[in-house]
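>>> predicted model and sequence below, questions to follow.
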Amino acid sequence: MGIQHLVHAALALLVAIGGEQLHRHDRGFDLASPWWIAAGLCAPYLLSRLARRAYLGGRHALGGFLLELLRHSAVVVFAGLALTCGWLRFATRVGGELFADGVWPRASLALALLPWLAFELASVEAQSRARAATRAHVGAIRAFELRMRAMALAPLALLYVLMLLVGFDEAWRVRVGQVGVLGALHAALVVGVMLLAAPFLLRRAMDARPLADEPLREQFALVAQRARFRCRELVEWRTGLRMANAAILGLTPRTRVVVFTDALLQQLSVRELCAVYAHEIGHAARHHLLALAAVTVALLVGGGWVVETLLPGDEWWSLLGLAPVLALWFAAVGWLSRRFELEADLHAFDVLEDPSALVSALTRVSGMHAEDRDSWRHFSSARRIGFLMDVARAPALGAALSRQMRRWRAVAITAAAAIVLARSAQLSLAWNSDMAWADLRLGEYEDARARNASSEDGSLEALVARASELPADPAERTGERLLARAAAGYDRGDFAVGREWLELAGWRGDAQAHELLDAADELAACTSDAQRADWDLFPLDTSSPTRWKERLRDADQAARAAAKEASLRAKRELDALVERAGRSYDAEEYDSGRGLLLRAASAGHKEARDILAAAEELRRCETQQQRSEWQMFAMGTSTGTKWKQRIQAADAYQRAHPPRN
């Protein structure tokens, strides 16, 4: 249930982000007023009514399908209406962009997701009415469903608040977002806070109370004493007897909470409940949560690093590249979790020395219809029971599983530690340049210059040098003023300087500068007149768009002319190398001539490659007939006949003077 609600929240977030991007590029479908989104509140009730009618009419398959659709209706309706009724455009118009600097959520994100939350509440109410046998049951089902959603959304809400608080301060936001070391420390701090706060949040989201059965608490105390286990609290989760389950929350004894649902406490005997408690203790004793966290760090941090290395600077391809990483994480966590459940069963066996208690508990809780089904994180009850019975007959099987899991835990923790250390070392090397880029983003140009940082392509040094021309007046460092300097540079034909001012304005967060930089890059990527004509058709969301298009077009033409001139100059230099090679061959300095040809060929000179290929073909000829046939083929050079004579002379010389071994 919780996983389903998390998936719904993730899908709603993707809808909001995707809708904002569509509207930003004027590709949205605003077919109606934003307030029409309220009509979506009717959809869950309509599905609920149809499902009840289907069940009452004996069409159970249709009723089941409609109920399943009702469970997912909130995100489906939100996606349909939010993208067609202009709600996301309205939310961004009222509150601004959903994310600051593309990463930090803003208050407008809550406004954008508000309809989805309303649809979720309507879905809960409709499901409660559809599933309740009597009106008296509606309230109980409603309360349970709301708490299930609260449990899933509480950690996400905490993450949102933490990110929102940091993102309010521009300096913190920029430093953490731009400087890799600070970003990693921030991520670790957020994860740590969430792990420590999760037991408290989930405990409050549940309808839970301290375990009141004193005799049962005494038995649990004996089990904990035997297992040397400590926790903060034992609680009963009141689900209205809808769920028979147990869980352990928290990493440390002071935050650890062990939860038993009311249905589990009612169904099982004290002996069986002690076995379940020992099983949950096994998860803590064998450090399963730590191992799963290590796997997550190793795969997500390591996989993200690989994707970043293979697909640098391409945001969308990087997101697609994360898909196999997430798939591998899903498979690895599932594989380990299923075996961790077996290991926790073994721990209960070791603590109580009574496998029949846990076998009895698994049998009674799973029931006949669930015992043969595996899930993502649990083997089927039948398989777990069979394993326990096998271990009771052959203890070596349990010892083998424990050794295997110890090895996997060691591998996961070692890999995570190695990846974190390596990534930290790499990020620390980029500290100076990252801080300089952040200085440019904040307009602190003196600090950027004082760092004396460098980049591989020299772009950082160029921008810092250009920024040093600005006066200390903050008014001269705004995106608007930098954009004006860029326009002046383009107008006087100093396109390189204009581009640098434009990039500085982009680093200051100026939206027009980003639009112009993207347009310039798109124009530079055009390879034909037709593509450039298409580029002219797209409007620029800037002041003076026509004039800016003229500036970018002039700069592109100048860049293409310069590139053409550089290409011609390089070709002339390579042609000169080939001519020098010919003179060396004429002087019978064949090794020198071949070296010059190799230099030209390695630089891409086609004639030099053809000459070397022809020389290699002649070298392979073993008979006079083969050499005569070689003469018949024309060389793809402007001086083919002359070069044939040179190649033949060199070949004859080399055959007459073979190298000495």
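Alright, I've got the coordinates. Numbers count the residues shown, from 1 in each chain.

>>> what's the closest non-adjacent residue to Arg339?
Excluding its sequence neighbours, the residue lying closest to Arg339 (Cβ to Cβ, 6 or more residues apart in numbering) is Met405, at 6.2 Å. (Each C-beta comes from the backbone N, C-alpha and C, glycine too.)

>>> sorry, wrong one. I was asking about Leu111.
In space, and not counting its chain neighbours, Leu111 is closest to Ala91: 4.6 Å by Cβ to Cβ, 6+ apart.

>>> what does Glu476 give?
Leu470 (5.4 Å).

>>> which element is that neighbour on?
Taking DSSP states H and E as the definition, Leu470 sits outside all helices and strands.

>>> that one contacts Val464, doesn't it?
No: Leu470 lies out of contact with Val464 (Cβ atoms under 8 Å); the separation is 11.1 Å.

>>> compare these two (neighbour count), which wins?
When neighbours are counted by other Cβ atoms under 10 Å, Leu470 and Val464 differ, and Val464 comes out ahead with 23 against 18.

>>> ok, so what distance separates the more buried one from Leu429?
Using Cβ to Cβ, to the nearest Å, one obtains 19 Å as the distance from Val464 to Leu429.

>>> name the residues of stretch 494-512 that are buried.
For stretch 494-512, the neighbour count (16 or more other Cβ atoms under 10 Å) marks 495, 497-510, 512 as buried.

>>> grab the two from those that are most spread out in space.
Taking Cβ to Cβ as the measure, the buried residues of stretch 494-512 span a maximum distance of 23.1 Å, between Phe495 and Gly509.

>>> the closest residue to Arg583 other than its chain neighbours: how many residues sit nearby?
Spatial nearest neighbour of Arg583, excluding adjacent residues (Cβ to Cβ, 6+ apart): Gly593 at 7.9 Å. Using other Cβ under 10 Å, Gly593 has 22 neighbouring residues.

>>> wait, Gly593 sits on Tyr585?
Yes: with contact defined as Cβ under 8 Å, Gly593 counts as touching Tyr585 (4.4 Å).

>>> which neighbours do the two share?
Jointly contacting Gly593 and Tyr585 under the rule Cβ atoms under 8 Å, 6 or more residues apart in numbering are Arg646, Ala650.

>>> and which of the buried residues of stretch 494-512 is nearest to Ala10?
Distances from Ala10 to the buried residues of stretch 494-512, taken as Cβ to Cβ, are shortest for Gly509 (27.8 Å).

>>> give the contact list for that closest one.
Residues near Gly509 by Cβ under 8 Å, 6+ apart: Asp101, Arg441, Gly479.

>>> pretty sure Leu268 is touching Ser366, no?
No: the pair Leu268 / Ser366 is not scored as a contact, 12.0 Å apart, by Cβ under 8 Å.

>>> now do the shared contacts for these two.
With contacts defined as Cβ under 8 Å, 6+ apart, no residue is shared by Leu268 and Ser366.

>>> distance between the ends of stretch 518-531?
Stretch 518-531 has an end-to-end distance of 15 Å (Cα to Cα, to the nearest Å).

>>> list the buried residues in it.
Within stretch 518-531, the residues scored as buried using 16+ other Cβ under 10 Å are Ala519, Ala520, Leu523.

>>> mind listing which of those residues are in strands?
When strands are assigned by DSSP state E, not one member of the buried residues of stretch 518-531 lies inside them.

>>> re earlier: and the residue nearest to Arg339, how far is that from Asp345?
12 Å.

>>> the two: which is more packed in?
Legend: neighbour count by other Cβ under 10 Å for Met405 and Asp345, higher for Asp345 (26 against 20).

>>> helix or strand: which one has that one?
Taking DSSP H and E as the definition, Asp345 sits inside helix 315-352.

>>> can you name every helix or strand that that helix contacts?
For helix 315-352, the helices and strands in contact under the criterion 3 or more Cβ pairs under 8 Å, 6 or more residues apart in numbering; DSSP states H and E are helix 214-227, helix 270-285, helix 288-310, helix 355-366, helix 381-393, helix 395-429.

>>> quick one, it and helix 270-285 angle?
For helix 315-352 against helix 270-285, the angle by axes from the mean of the first three to the mean of the last three Cα atoms, to 10 degrees is 130 degrees.
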